[in-house]
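[1] Sequence first, then the predicted structure, then my questions.
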Amino acid sequence: MKRIVIVLFFIGLNSCSPKLRSSIVKEYPELSKTELVVVLDIVDDQIITGEKIGEIKATDNMLSNNCSYYENLENLRGLARKSGANLVKLTKHKPADKWSSCHRLWANIYRVNKAKEYETEIEWTPDRKLTWDDFKGEPDNETFPNAVAVTNSAISFESGSFNPFKDGKVFVRNMFNTNGSWVIPKGKTDYVLKHEQIHFDITEIYTRKLRKALIDANVTTKNSCRAYDIFNSIKNEWEEKQERYDYDTKNGVKKETQEEWEAFVMLELIKYDLYKYN
């Protein structure tokens, strides 16, 4: 079934690296780059059952760059990984303002048994395919009376920290919302899961198209306001493609058409392979 559209915007206000600090109570072996490290937002009220092993922060080093919200989230994830923690819980966030070019973040870090159970968002990667465990939302049969499953994915973009001496990047991401995605018991089949994966993959195609369009238009932190018109154009194409996918396949019922769409999506991902990373 078609996804629910959620669009997020984070634009850096102003423009050396951020100041990264950690206070570790108990050291564990560093996690490998392939091991999952979950980041939970400040408002996330999940009960964390695990061992708190320290506190970390990413703040300003006076006129810092490379410290947008997205970049500092990744900085915190890296600090946690080095300390052997697999869950980061944000506790404080100061957005960029006239006093600082950085999004300043503070967090507690934990070591938990099953980090995947805490995931609320999944960023698209070639090696991470959806499983039914990722569909954590409550079924909404009132809004989607004929659906057996719904995928909630979204494209978001954020400009990096502004630096008057250097153009910063604009980051584009494709995120799957676990709590906004759901499945009813009879829908838990491999075939239906593949149909839902294609919805997520279609979002990835247009994520890559947006990256390409922003690069072609030479959009940076210095002129990031230009990104809105480009984003809206890509967003409209993406929504139309998602609707067309469900219409053509009758929500996956027409198997031959479903296979044609799977081939089309694979070719489109290859076509825009150069834009799969920020």
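    Looks like it came in fine.

[2] mind listing the helices for the stretch 151-278 of the chain?
    190-216, 227-249, 255-271 (DSSP state H, counting those that start in this stretch).

[3] Deepest in the core, which of these is it.
    Mean neighbour count (mean count of other Cβ atoms under 10 Å) peaks for helix 190-216 among those, with a mean of 20. For every residue, glycine as well, the C-beta is placed using N, CA and C.

[4] distance of F135 from I47?
    The gap separating F135 from I47 is 21 Å, by Cβ to Cβ, to the nearest Å.

[5] Between the two, which has more neighbouring residues?
    Using other Cβ atoms under 10 Å, the more surrounded residue of F135 and I47 is F135, with 24 against 5.

[6] Look up how far P126 lies from that one.
    20 Å.

[7] try E158
    When distance is defined by Cβ to Cβ, E158 is 22 Å away from P126.

[8] neighbour-wise, which of these two wins?
    Taking other Cβ under 10 Å, E158 and P126 do not tie; E158 has more neighbours (23 against 9).

[9] any idea which helix or strand carries W106?
    Using DSSP states H and E, W106 falls within strand 104-112.

[10] contact partners of the next helix or strand after that strand?
    Proceeding N to C from strand 104-112, the next assigned helix or strand is strand 121-123, under DSSP H and E. Strand 121-123 is contacted by residues 128, 130, 134, 173-178 when judged by Cβ atoms under 8 Å, 6 or more residues apart in numbering.

[11] Return the set of buried residues in strand 121-123.
    Neighbour-count burial for strand 121-123, with 16 or more other Cβ atoms under 10 Å as criterion, is recorded at 121-122.

[12] Helix or strand next in line after that strand, which one?
    Per DSSP H and E, the helix or strand that comes after strand 121-123 is strand 149-150.

[13] partners of that next one, with directions?
    Partners of strand 149-150 in the sheet, by DSSP bridges, are strand 182-183 (antiparallel).

[14] so for the partner strand, what's the average pLDDT?
    Averaging pLDDT along strand 182-183 gives 98.

[15] gap between that strand and the chain center?
    Relative to the chain's own centre, strand 182-183 is displaced by 19 Å; criterion: Cα atoms, centre = their mean, to the nearest Å.

[16] ok so, going back, need the helices of the stretch 151-278 of the chain in a markdown table with distance to S32 and mean pLDDT, can you?
    What follows is these, written out as a markdown table (distance: least, Cβ to Cβ, whole Å; pLDDT from 0 to 100):
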| stretch | distance to S32 | mean pLDDT |
| --- | --- | --- |
| helix 190-216 | 24 | 97 |
| helix 227-249 | 34 | 96 |
| helix 255-271 | 26 | 97 |
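
[17] Among the ones you listed, which comes closest to S68?
    helix 227-249 (13.6 Å; Cβ to Cβ).

[18] what's the closest one packed up against?
    strand 153-159, helix 190-216, helix 255-271 (3 or more Cβ pairs under 8 Å, 6 or more residues apart in numbering; DSSP states H and E).

[19] hmm, back to that, format the helices of the stretch 151-278 of the chain as TSV; extra columns: distance to K94.
    Formatted as TSV, the helices of the stretch 151-278 of the chain follow (distance: least, Cβ to Cβ, whole Å):
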stretch	distance to K94
helix 190-216	27
helix 227-249	24
helix 255-271	37
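
[20] Quick check: beta-bridge partners of L40?
    With DSSP bridges as the rule, L40 is bridged to K89.

[21] Now for it, how many residues are close by?
    Around L40 there are 20 other residues, counting by other Cβ under 10 Å.

[22] Wait, it touches T91, no?
    No. Counting by Cβ atoms under 8 Å, L40 sits too far from T91 to count as a contact (10.0 Å).

[23] any idea how far the nearest residue to A213 once chain neighbours are set aside lies from S156?
    Closest residue to A213 apart from its sequence neighbours, by Cβ to Cβ, 6 or more residues apart in numbering: I230 at 5.0 Å. Counting by Cβ to Cβ, the gap from I230 to S156 is 14 Å.
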